[in-house]
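quick check, what structure comes out for this input:
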Amino acid sequence: MFDSLTDRLSSTLRKLSGKATLTENNIQEALREVRRALLEADVALPVVKDFIDRVTLRAVGQEVAQSLSPGQAFIKIVQAELEQLMGSANEALDLKAVPPAVVLMAGLQGAGKTTTAAKLSLWLKNNPKKSTLLVSTDVYRPAAIKQLETLANDLGIDFFPSDPQQAPEQIARDALAEAKRRFVDVLIVDTAGRLAIDEAMMEEIRRLHQVLKPVETLFVVDAMTGQDAANTARAFNDALPLTGVVLTKADGDARGGAALSVRQITGKPIKFIGTGEKPEALEPFYPDRIASRILGMGDVLSLIEEAERKVDKEKAERLARKIKKGKGFDLEDFREQLQQMKNMGGVGSIMDKLPGLGAMPPGAGQMVDDSQFTRMEAIINSMTPRERVNPDILNGSRKRRITQGSGTQIQDLNRLLKQHKQMQKVMKKMKGGGMANLMRGMGGMKGPGGFPGAGGGGNFPRFR
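Model prediction:
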């Protein structure tokens with residue numbers, strides 16, 4: 001997300017960052033570029049105009065003129081205004097109501113309401129540790145109820161069965177009664193969508209709102225619809241007392257216009273952002289972190305939090321102890337590190353959150369071929385335990401057996417062995433520390449762009 005916007009803004013602001021003084025001319029030129037970048041990112045025109053006006057007001061005043069580094073001061077203004085545009089701080093779900101707290105999901109068909117309802121249940125289960133019950137009131141789409149039931153079963157979430165023959169309001173009443181009976185913390189209600197806004201849909205969801213009296217009414221919107229996302233959100237906000245917005249499919253939107261428009265147009269906070277298809281790919285929306293990513297400054301806080309959640313600490317500590325004892329870093333350890341990086345979304349996901357992405361080619365984070373991880377694992381899996389511990393014994397016949405067993409080529413195996421040697425050197429310098437130190441030590445394997453996988457001989461998975 002934001003690839004093209006990040007590229008344009010980073011390029012524009014880099015030109016200013018080193019300037020000792022800023023004149024009205026170069027400020028105006030930079031603002032024209034910022035304006036063009038925002039419009040190309042499909043940000044709504046009134047939002048762009050207001051944003052530029054606010055930045056201009058601050059940039060031509062004393063705030064920049066009296067700064068020791070005017071270029072840096074200008075960048076800070078742009079960052080602060082981006083944060084303000086998106087809401088200044090993350091607004092968490094308000095679940096303080098007497099259980100069950102009801103969360104009502106609203107939005108158009110195809111926006112991802114059903115999958116978002118399931119993802120939100122999983123997030124609540126893993127983070128605030130809340131018990132949840134899922135129910136679907138979508139009696140118009142035959143597969144909708146079954147889809148939510150399947151997702152709930154896959155994630156180990158409680159599901160309240162409903163029937164297409166029932167009225168949506170009756171389903172809601174029954175589910176609410178069941179949630180109370182079972183002392184469930186949160187009841188999440190998926191609703192029917194339409195291909196376009198119509199009065200029948202709005203009337204139905206208004207009735208559901210009256211029956212359920214939800215503490216949270218979340219509007220689920222597809223980020224890839226750009227300006228239309230903000231306009232649709234405004235229509236729903238006029239019909240319902242929305243409490244927040246969930247942006248879905250943000251990983252497929254290189255522009256990011258919806259994220260920058262929807263808050264100002266509706267006045268409602270973006271509470272969550274969907275970053276992929278996996279059940280765990282739903283994150284709280286932090287405007288400050290998103291603004292930092294847009295400007296190519298990375299999002300290290302989110303990266304650290306993700307590592308805390310997804311890295312197997314026991315394995316990392318075991319590896320640290322092993323290396324501290326001087327036992328080396330074998331291919332079994334290398335395979336574990338590959339699995340840890342896959343758990344964190346792969347190199348592309350990690351790169352998107354690392355500072356300095358603005359200096360890389362546009363969309364660099366999306367260009368990394370993580371399929372090489374799978375290939376590497378297959379190669380290591382085809383080795384005997386002895387070969388994994390001591391790869392120096394791999395002769396021609398052993399290599400042929402391994403590549404035939406893993407469906408790969410000799411050059412794939414040789415590349416893996418070369419990367420393993422590089423990792424051994426990195427780990428030796430770090431004296432262990434597992435995944436946390438691995439990320440710090442990646443500099444030893446970086447390509448021309450300063451990141452693993454950015455080309456170069458035998459580095460981490462390359463660009464496609």
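
wait, a helix at residue 152?
Yes. The assignment for residue 152 is a helix, going by DSSP: H, G, I helix; E, B strand; the rest coil.

how much space separates it from residue 188?
Distance of residue 152 to residue 188, computed by C-beta to C-beta, to the nearest Å: 10 Å. The C-beta positions use only the backbone N, C-alpha and C, and glycine is treated the same way.

find residues that contact each of those two.
121, 134 (C-beta atoms under 8 Å, 6 or more residues apart in numbering).

more crowded one of those two?
residue 188 (30 against 23; other C-beta atoms under 10 Å).

SS state for the residue nearest to residue 45 when sequence neighbours are not counted?
Computed as C-beta to C-beta, 6 or more residues apart in numbering, the closest residue to residue 45 that is not its neighbour in sequence is residue 39, at 7.2 Å. Using three-state DSSP, the structure places residue 39 in helix.

you'd agree residue 39 is up against residue 48?
Yes. Counting by C-beta atoms under 8 Å, residue 39 does reach residue 48; the two are 5.8 Å apart.

the two - which one has more neighbours?
Comparing residue 39 with residue 48 by other C-beta under 10 Å, the one with more neighbours is residue 48, at 21 against 13.

hang on, the more buried one is in a helix, isn't it?
Yes. Per three-state DSSP, residue 48 lies within a helix segment.

residues touching it, list them.
Counting by C-beta under 8 Å, 6+ apart, the residues that residue 48 touches are 35, 38-39.

just the closest of the residues you listed to residue 242, please.
Within the contacts of residue 48, the smallest distance to residue 242 is 24.3 Å, found for residue 38 (C-beta to C-beta).

how many residues are close by that closest one?
27.

against residue 261, how distant is residue 153?
37 Å.

let me fix that: residue 176
For residue 176, the distance to residue 261 equals 34 Å [C-beta to C-beta].

what's the answer for residue 95, then?
27 Å.

who has more neighbours, these two?
residue 261 (29 against 17).

what is the mean pLDDT for the helix or strand where the more buried one lies?
Element membership for residue 261 (DSSP states H and E) is helix 257-266. Per-residue pLDDT over helix 257-266 has a mean of 77.

likewise stretch 175-191?
Computed over stretch 175-191, the average pLDDT equals 95.

likewise stretch 340-353?
Mean per-residue pLDDT for stretch 340-353: 64.

what of stretch 402-419?
Stretch 402-419 comes out at a mean pLDDT of 90.

how about it: buried residues?
402-403, 406, 408, 412-413, 415-417, 419 (16 or more other C-beta atoms under 10 Å).

just how off-centre is it within its chain?
Centre-to-centre, stretch 402-419 and its host chain are 32 Å apart (C-alpha atoms, centre = their mean, to the nearest Å).

still on that earlier bit, okay, the residue nearest to residue 45 and residue 248: tell me how far apart.
23 Å.

what does residue 210 give?
26 Å.

more crowded one of the two?
residue 248 (28 against 10).

ok, now which ones touch the more buried one?
111-112, 115-116, 220-223, 274.

burial count for residue 392?
By other C-beta under 10 Å, the residues close to residue 392 number 7.

same question for residue 122.
20.

and it, that's in a helix?
Yes. Assessed with three-state DSSP, residue 122 lies in a helix.

so for the host helix or strand of residue 15, mean pLDDT?
Using DSSP H and E, residue 15 maps to helix 3-17. For helix 3-17, mean pLDDT is 69.

cool, and stretch 143-157?
93.

in that stretch, what's buried?
Neighbour-count burial for stretch 143-157 [16+ other C-beta under 10 Å]: 144-145, 147-149, 151-152, 155, 157.

mind checking which of those are in helices?
Among these, the subset assigned to helices under DSSP state H consists of 144-145, 147-149, 151-152, 155.

ok, residue 116 to residue 163 distance?
Distance, residue 116 to residue 163, using C-beta to C-beta: 23 Å.

looking only at neighbour counts, state which of these two leads.
A side-by-side neighbour count of residue 116 and residue 163, using other C-beta under 10 Å, places residue 116 first with 24 against 9.
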